[in-house]
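quick one: sequence and predicted model below, then my questions.
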Amino acid sequence: MTVAVTAGGRARTTSLRHRLAERGVDRTLLLLAPALAFVLVLFIYPFAYGLQLSFTPAEGGGALANYREFFSDPYLRNTIWKTLGLGLPAALLNVLASVPIAYLMRGKVRGKRTLTTLLVVPITLGTVLTAQGLLMYAGPAGWLNKLLIVLHITDQPLPLVHNWTGVFLSLVITGFPFAFLLTLSYLSGIDPSLEKAAATLGAGPWERFRRVTMPLLAPGLAITFTLSFVLAFSVFPSAQLVGKPAGQTRVLSIAAYDAAFQKFDYSMGCAIAIIMAVVMLLVIALVMVWRATLYRGSTGGKG
Amino acid sequence: MTDQSFHELRLEGVSRRYGAHHALADLTLSIKGTEFVALLGPSGCGKSTALNCVAGLLPLTAGSIHLDDRRIDTVLPEKRGFGMVFQNYALFPHMSVRKNIGFGLRMRKLSKADATRRIDEAVALVQLEEHQHKRPGQLSGGQQQRVAIARAVALQPPVVLMDEPLSNLDAKLRLEMRMEIRRLHQDLGLTTIYVTHDQEEALSMADRLVVLREGEMQQFGTPEEVYDQPANGYVAGFMGYRNLLHLDVERADAEHVVLAGPGLRVVGANRGEVTAGRAVAAIRPEDFVVGEVDGNALPVTVQIAEYHGRELSVEATTSTGTKIYFRTQERVAPGDELTLGVPRHRVLVFGTGGADEAAGTAEAAAS
Amino acid sequence: MATTIAGPASGRARPRWWAVAVWLVVGFFFLNLLALVASVVVDSFGTRWFGTWLPEAFTFHWYSDAWREFGLSSVLLVTLEVAVVVVAVSLLIGVPASYALARREFPGKRLVMVLFVLPILVPPITYGIPLATLLYKLHLAGSMPGVILANLVPAVPFVILTMTPFIEQIDPKIESAARMCGASTRSIFLHVLTPLLVPGILAASILVLVRTVGMFELTFLTAGPSSTTLVVALYNAVFAAGIRANQSVDAMAAIYTGSMLVLLVIALRYVNPTQLVTRPREEPAE
């Protein structure tokens, strides 16, 4: 009797273990636990906490008081348009500029590694250094304005820093290499023999690009644009340093930072951070909806 | 090392399920010590699953495995002490040939002198003396496979498992390695379980072979048995009975069946207790002859004739378009009309059931 | 490669006008970039620089000034400590997780992958504000542990996303082979996996190191006076322009540039440049 019971019990547990093992669940998955716990505690939980905090305003007035205040105060509300006004053109320019350059570099080109290496430099230097560099180089007494005056392109130093232009320039300097490297990796993933096939069928260079390469590249470009946009949208140090943080370039991140860590209204700070995330998601969703209409299968290459 | 010989490796109702899918169903098999057994079947038939179950790399969902009186399916793979050769060699890329071969000895904590001696032996066995200090990446495919084999046999394991070890090699090398593996098997007195999808390989190397289909054993027998007396249409299709004619039973007794269909009529040996209804006649291309034999006379028109040295391999059609494949030494040309005959005992008649599919996969495997 | 069919390749013989134009644009970009960095560096060595092409004379004393005024020795030490701890902890947490992700298919794997991609995808300033708020509530912010925790948030997923494809390309059969040779799980890990993983771990740690040293937002939001890293110190100096001489701010910027370039040179010995910026796989679990 006892024997039968133990045997039955063992059979049941083994079969459960088998059934889980069939689905790939075994002790190896425990290795995931620390990382999963980490992301949940330090990423998901703070977000949830921030969301909850944003609905409990410091000065009362109902759960939505922060959001109501944000959208009724033009100074706050306009930060959305200012952020989009910087992020969208910068991301668009970066992606559009990287396509022809990456297209030229898609094959085995001499100096490709040197160029990609050079392009990594501005990204690793980061926005703070770029900002300081722009202040020096594009400032009223900097080399750029001096050169423009010597060349008689302008007689007054152009206002290139402490305004929208300054921030835009810094977004291009750090954002373009990023967009380029991504585009290049997508382009290298397209099998080059496809273009050769198109050529044997009588397609000229422009037609090959337009009819073959571009449709295969487009989904990758959508991703590139999204990531570039996210990068530009979250602009903070350069908007503070080379922009006009109180006016022209008062972007969402500055508003959120000011609310949370200057006025110590954490609740409002979190509310703005949430709004920022939502606006970003909306733009991403729009791009992804467009991307869903494209061919997204294999591109035949080693990508 | 202790005496590794044993009498019997027994699989009892070994099964492996993935959800509702049976990768291996109820495999019962007894393998004698020093026997060379091939598991044969197309990809997805469960042969690799069976091998991995024996290795212990895949837990069973039902059944048990015994080595003589010892139950081993509950023993961890590293404690089972079997050797294994993998399809893509699975050599340790960061170790030299010697280190690869000696890895198992190191895990067994053999003394340095012992290990050195046995590595030397293993290296000599596979004739890799001049390459023994290289890394796997510097070797050709055939050499890598030798290393993998040496690594598996260096421990003098009771059972060596081979998972399609030759499928990554080119045809010429495959023939050489076939001999070599068989030689090692005999010289070392190994017990080998060998997985392959190549029926020629299985027939030429194995003492006995197991034909699997969708996780179920179809036949277990010597190469002669499987080749000459396939158990069913599926095995026949896999064993080179390229012509599988689905026809109506006209008359049947215990020994013979008369089958008929549009445009043809065949008499064959009753192998599947066929009585009435539909049946499959399995005929090898090389069993056909030109002219009537045993009352079998099939009128056909030659469509394609492939030159194969001493003979031609011909595709012909009957008046209703059924394809007939045959081999002949006569010079026939497309458009020729002939009558083909075949001895009754060379026409195997089975009940219907998946035979076509087997022919398809066998062709795919052979190509 | 040289013997391509004449059709598409023949264009190479006559340079196309748009190719030239594209190269000019690239050249212009780099020229400006170079000038941008150069103006910082030149200024940091200059004595006085008003309205001329170059400063009146050159000096080193801004560096000693900056070193003293900004307490750079302690800032550099903090930066190093933060970076090293972040690298070590993110490897400890991330590598085992990558192993599980590379070797197992399980229900909900896509969700887990998304969870790991999010902290890299979402810009740090967005989640940094609620995270910093929380850390302040817990009295962790303003200190080293806070800075380290915040920096780990993108670092752990980054290690996972770098290491998972790396482990995937190690044939699992190699582990099976070791097992068949009698190796226990521990021996497999010690003698087979670790040696094969070293290049990947090296690449991942260097990538995380570069990203952590350059990480501004999260450190800025969580650092206190004693836990400021070099980027944040630089930001504070630039932001508070006018308090210190601009040249000493530039001297600090030059020090920052120099240390980043050293890191970069080291990093590029081990990793592909594109790995520094792009994720190894942009689309999770597809």
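Cool, got the structure. All figures in this text were calculated on a predicted structure; none of them were measured in a lab. Numbering: from 1, shown residues only, chains lettered A, B, ... in the order given.

what about residue 87, helix or strand, and which?
The chain I'm using is chain A. helix A:74-104 (DSSP states H and E).

the intended chain is chain C.
helix C:72-103.

quick one: distance of that helix to the chain centre.
How far helix C:72-103 lies from its chain's middle: 12 Å, per C-alpha atoms, centre = their mean, to the nearest Å.

and that helix, what does it pack onto?
Where contact means 3 or more C-beta pairs under 8 Å, 6 or more residues apart in numbering or on different chains; DSSP states H and E, helix C:72-103 is packed against helix A:33-39, helix C:109-121, helix C:144-168, helix C:194-214, helix C:230-239, helix C:246-270. C-beta here means a position set from N, CA and C on the backbone, and glycine is covered the same way.

related to what we said a few turns ago, list the buried residues in the helix or strand following the helix holding A:Gly87.
Where DSSP H and E defines the elements, the next helix or strand beyond helix A:74-104 is helix A:112-137. The neighbour-count check on helix A:112-137 (16 or more other C-beta atoms under 10 Å in any protein chain shown) flags A:112, A:115-137 as buried.

got it, and stretch A:239-255?
Neighbour counts using 16+ other C-beta under 10 Å place A:239-245, A:248-255 of stretch A:239-255 among the buried residues.

can you narrow these to ones near chain C?
Intersecting these with the surroundings of chain C, defined as C-beta under 8 Å from any C-beta of the partner chain, gives A:240-241, A:253.

nearest to chain C, of these?
A:Ser253 (4.6 Å; C-beta to the nearest C-beta).

can I assume the closest one sits in a strand?
No. Using DSSP: H, G, I helix; E, B strand; the rest coil, the assignment for A:Ser253 is helix, not a strand.

right, and it touches A:Ser238 too?
No. Look at A:Ser253 against A:Ser238 with C-beta atoms under 8 Å: they stay out of range, at 10.6 Å.

get me the contact residues on the stretch 151-300 of chain B for chain C.
B:151-152, B:155, B:161.

most neighbours, which of these?
B:Arg151 (30 neighbours; other C-beta atoms under 10 Å in any protein chain shown).

would you double-check that it falls in a helix?
Yes. Counting by three-state DSSP, B:Arg151 falls inside a helix.

which residues touch it?
Applying C-beta atoms under 8 Å, 6 or more residues apart in numbering or on different chains to B:Arg151 gives the contacts B:83, B:91, B:100-101, B:103-104, B:122, C:177, C:181.

how does it look with 6 Å?
Counting by C-beta atoms under 6 Å, 6 or more residues apart in numbering or on different chains, B:Arg151 touches B:100-101.

nearest residue to B:Ala254 in space, please, no chain neighbours.
Excluding its sequence neighbours, the residue lying closest to B:Ala254 (C-beta to C-beta, 6 or more residues apart in numbering or on different chains) is B:Asn270, at 6.4 Å.

that neighbour - how many residues pack around it?
18.

and what of the one 3 residues further on?
With neighbours defined by other C-beta under 10 Å, the count for B:Glu273 comes to 11.

roughly how far does A:Met74 sit from chain B?
I think there's a mix-up here, since residue A:74 is Pro and not Met. With distances taken as C-beta to the nearest C-beta, to the nearest Å, A:Pro74 is found 59 Å from chain B.

ugh, wrong one, I meant A:Thr249
53 Å.

how about that residue, what does it touch?
Applying C-beta under 6 Å, 6+ apart, we find A:Thr249 in contact with A:164, A:167, A:239, A:243.

surely the third one touches A:Ser253?
No. Counting by C-beta atoms under 6 Å, A:Ser253 is not a contact partner of A:Ala239; they are 7.1 Å apart.

re earlier: can you redo the residues of the stretch 151-300 of chain B next to chain C as JSON lines with distance to C:Glu217?
Output for these, formatted as JSON lines (distance: C-beta to C-beta, whole Å):
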{"residue": "B:Arg151", "distance to C:Glu217": "52"}
{"residue": "B:Ala152", "distance to C:Glu217": "55"}
{"residue": "B:Leu155", "distance to C:Glu217": "57"}
{"residue": "B:Leu161", "distance to C:Glu217": "55"}
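
if I look at the closest residue to chain C within the stretch 1-150 of chain A, what pLDDT would I see?
Nearest residue of the stretch 1-150 of chain A to chain C: A:Gly50, at 2.6 Å (C-beta to the nearest C-beta). Predicted confidence (pLDDT) for A:Gly50: 91.

and the stretch 51-200 of chain C, which residues reach chain B?
Selection of the stretch 51-200 of chain C residues close to chain B by C-beta under 6 Å from any C-beta of the partner chain yields C:171, C:173-174, C:176-177, C:179-184, C:187, C:192, C:195.

quick check on those: which are buried?
Judged by 16+ other C-beta under 10 Å, buried ones among these: C:171, C:173-174, C:176-177, C:179-183, C:187, C:192.

quick check, nearest of those to C:Leu121?
Using C-beta to C-beta, the shortest approach to C:Leu121 within those belongs to C:Asp171, at 30.4 Å.

roughly how far does the closest one sit from B:Ser167?
Per C-beta to C-beta, to the nearest Å, C:Asp171 is found 15 Å from B:Ser167.

domains of chain B?
Chain B breaks down by automatic domain parsing into domains covering B:8-228, B:241-366.

single out the most deeply packed of those.
Mean neighbour count (mean count of other C-beta atoms under 10 Å in any protein chain shown) peaks for domain B:8-228 among the domains of chain B, with a mean of 19.

ok, back up a step: now for the helices and strands packed on helix C:72-103, which one comes closest to B:Arg344?
helix C:144-168 (57.2 Å).

is any part of the helix or strand just after that closest one close to chain A?
Counting by DSSP H and E, the next helix or strand C-terminal to helix C:144-168 is helix C:172-180. No. Interface with chain A: helix C:172-180 contributes nothing (C-beta under 6 Å from any C-beta), its closest point being 11.1 Å away.

quick one, helix C:172-180 and helix C:194-214 angle?
130 degrees (axes from the mean of the first three to the mean of the last three C-alpha atoms, to 10 degrees).

contact partners for whatever residue of the stretch 201-303 of chain A ends up closest to chain C?
Residue nearest to chain C within the stretch 201-303 of chain A: A:Ser234 (3.1 Å; C-beta to the nearest C-beta). Counting by C-beta under 6 Å, 6+ apart, A:Ser234 makes contact with A:253, C:123, C:125.
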